[in-house]
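# what's the 3D shape of this:
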Amino acid sequence: GPDKMPCRQRPAGGFVAVVTKQIEAGRALADIYPARFCTLCRKEDAMSKQRIQLSDHFTYSRLLRFVLPCIGTMLFTSIYGIVDGLCVSNFVGKTAFAAVNLIMPLPMLLGTIGFMLGTGGSAIVGITLGEGDQKKADRYFTLFLLAALVSVSVLAVLGIVFLRPIAVLLGAKGELLDYAVRYGRILMVSLPTFALQNMFQSFFVTAEKPHLGFWFTVGAGCTNMVLDVLMVGIWGWGVEGAAIATFISQLVGGVLPVFYFIDRSNSSRLHLCKTSFYSKVLRDACINGSSELMTNLSMSLVNILYNYQLLRLAGENGVAAYGVIMYAAFLFVAVFVGYAVGSAPIVSFHYGARNHAEVHNLYRKSLRLIAVVAVTLTLASMFIIPCVARIFVGYDAELLALTSRAFRLYALSFLIMGFNVYASSFFTALGDGVTSALISFLRTLAFQVIAILLLPLLLGIDGIWLAVTAAELAALAVSAAMLLTKDKVFHYRKA
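Model (predicted):
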């Protein structure tokens with residue numbers, strides 16, 4: 001059918017028609033003003049070399065230049081999370097640090113709607129742009145933001161009400177419970193801005209403004225780091241200081257972009273506008289982003305289970321060590337997630353424009369890049385680990401030894417993780433949310449839960465640190481099987 005026609009042979013409709021009209025208009029101009037037109041072309045060419053568009057053919061360098069802001073954004077988000085932990089650990093103490101890590105999965109769990117509507121929604125908006133319907137893309141974009149805002153606000157209120165009983169359920173008592181509740185309450189208030197910040201990560205890329213997304217994140221991150229040092233380190237506001245610093249930084253990353261997207265005079269591909277309630281589109285976005293929802297839900301639930309097992313096997317020290325590993329591992333995971341999120345809109349666009357050759361090109365190049373990065377990161381982690389552990393918990397020799405050994409075992413997972421993250425994101429970009437969710441669900445929840453419960457019985461506490469590698473290995477088999485079988489539907493393995 002028409003699906004399999006190469007782009008240039010398709011009947012000129014939608015996106016292709018727009019391009020054809022532009023070429024014809026260009027020819028007309030060239031006939032009238034040949035010399036002027038050549039100069040214009042050269043200027044245009046110089047500009048287009050700098051500005052990469054979703055419709056381009058992607059070489060390795062162009063692909064890396066397009067995804068780097070996204071990787072930078074993710075890395076920066078991780079770094080400012082690390083500063084949060086560093087300030088609490090060094091200025092308030094290890095009980096407060098353990099408390100923050102114990103309660104942190106809860107706001108993360110409730111804020112995942114932002115991730116779901118961000119990734120699922122941006123794929124739909126990207127495909128709509130690829131089909132050439134600008135007005136509809138804007139309306140969908142606005143709908144997704146409003147839906148996230150309303151639903152997360154409701155969850156935030158519930159979170160505040162049930163915070164203490166949940167903290168008790170997680171195993172917190174005494175001083176640990178007190179710290180956890182004080183920190184958690186403020187983070188619940190900041191939940192709507194947290195969700196918006198997550199959504200804008202995806203939508204800035206779809207709007208062809210990945211650099212802007214990066215700078216908003218840098219602004220938010222710097223705000224958080226400076227306020228952390230002031231409020232926790234200098235003014236001694238304790239865990240409340242760390243939470244307030246996070247809230248203010250989320251206002252920068254989640255509220256300021258709203259003003260950018262309202263302004264119609266800028267060159268963004270997307271703008272906020274009046275919208276209607278498209279229940280089917282909203283449902284599709286939820287289904288399509290369900291893998292990202294699954295990933296984040298699972299991460300939160302798995303973190304809760306890790307903390308529970310560690311409190312049982314190693315006490316407060318175990319939870320603190322796991323906290324350090326989580327903060328540092330974010331840096332490595334951020335590279336894979338940043339690449340996956342950054343390259344997804346390109347895949348969505350070319351799939352929407354029925355350009356199978358370019359989808360194949362992106363698929364092949366991506367797998368090669370991930371292989372190189374995975375080996376490099378795993379080797380680098382072995383040298384970086386002792387330094388990171390010392391910065392966090394150098395004040396406690398026993399905790400330092402536990403953390404260093406734990407992290408070395410955990411780091412083996414970096415070899416495999418990137419392929420699974422990419423496979424899941426690739427299927428989301430193609431609009432196949434179900435396959436994507438299956439990979440995510442098995443990788444981040446089912447396989448991990450089995451590993452966390454079984455491996456400690458065989459290997460003691462080392463079993464907990466190796467659980468993630470075991471889960472990634474099992475998920476790799478599923479990802480490979482899906483990439484092989486789904487090619488019949490999407491045609492990405494042959495040009």
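# Low-confidence stretches in the stretch 151-300 of the chain?
Within the stretch 151-300 of the chain, the set of residues satisfying pLDDT under 70 is empty.
# Could you pull out the helices in it for me?
175-189, 191-206, 210-228, 238-254, 256-262, 279-288, 290-352 (DSSP state H, counting those that start in this stretch).
# which of these is buried the deepest?
Neighbour counts (mean count of other C-beta atoms under 10 Å) averaged over each of the helices of the stretch 151-300 of the chain peak at helix 191-206, with a mean of 26. The C-beta positions use only the backbone N, C-alpha and C, and glycine is treated the same way.
# From the structure, what's the count of residues near Gln134?
Using other C-beta atoms under 10 Å, the number of residues around Gln134 comes to 13.
# At the geometric centre of the chain, which residue do we find?
Geometric centre of the chain, nearest residue: Val337, 5.5 Å, by C-alpha atoms, centre = their mean.
# Tell me which residues touch it, please.
74, 421 (C-beta atoms under 8 Å, 6 or more residues apart in numbering).
# Ok, the one 4 residues further on next?
Shown in contact with Val341 (C-beta under 8 Å, 6+ apart): 70, 74, 119, 201-202, 205, 425.
# again, but for Glu208
51, 53-54, 268-269.
# Could you check the pLDDT of Met47?
Here the pLDDT value assigned to Met47 is 41.
# Check which helix or strand Tyr492 maps to.
Using DSSP states H and E, Tyr492 sits in no helix or strand.
# So Glu358 versus Arg62, what's the distance?
Taking C-beta to C-beta, to the nearest Å as the measure, Glu358 falls 12 Å from Arg62.
# hang on, Gly159 packs against Leu109?
No. Gly159 is beyond contact range of Leu109, at 9.1 Å (criterion: C-beta atoms under 8 Å).
# Tell me which of the two has more neighbours.
Looking at Gly159 and Leu109 with other C-beta under 10 Å, you find the greater number of neighbours at Gly159, namely 22 against 19.
# got the contact list for that one?
Neighbouring residues of Gly159 by C-beta under 8 Å, 6+ apart: 106-107, 110, 184, 188, 191.
# Could you save the residues you listed as JSON lines and add columns showing distance to Lys173?
Converted to JSON lines, those look like this (distance: C-beta to C-beta, whole Å):
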{"residue": "Leu106", "distance to Lys173": "17"}
{"residue": "Pro107", "distance to Lys173": "21"}
{"residue": "Leu110", "distance to Lys173": "23"}
{"residue": "Gly184", "distance to Lys173": "15"}
{"residue": "Met188", "distance to Lys173": "21"}
{"residue": "Leu191", "distance to Lys173": "25"}
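# I'd say Gln201 and Thr73 touch.
Yes. If you go by C-beta under 8 Å, Gln201 and Thr73 touch, sitting 6.2 Å apart.
# Kindly point out which residues are neighbours of both of these two.
213, 217.
# before we move on, back to that, so which of the contacts of Val341 comes closest to Glu316?
Minimum distance to Glu316 across the contacts of Val341 is 29.9 Å, recorded for Met74 (C-beta to C-beta).
# now that closest one, what's its secondary structure?
Here Met74 is helix, with the state taken from DSSP: H, G, I helix; E, B strand; the rest coil.
# so how far is Val341 from it?
7 Å.
# One more: Tyr363?
Between Tyr363 and Val341 the computed distance is 16 Å (C-beta to C-beta).
# just Ile370 next, same as before
Distance of Ile370 to Val341, computed by C-beta to C-beta: 14 Å.
# repeat for Ala245
Applying C-beta to C-beta, the value for Ala245 to Val341 is 25 Å.
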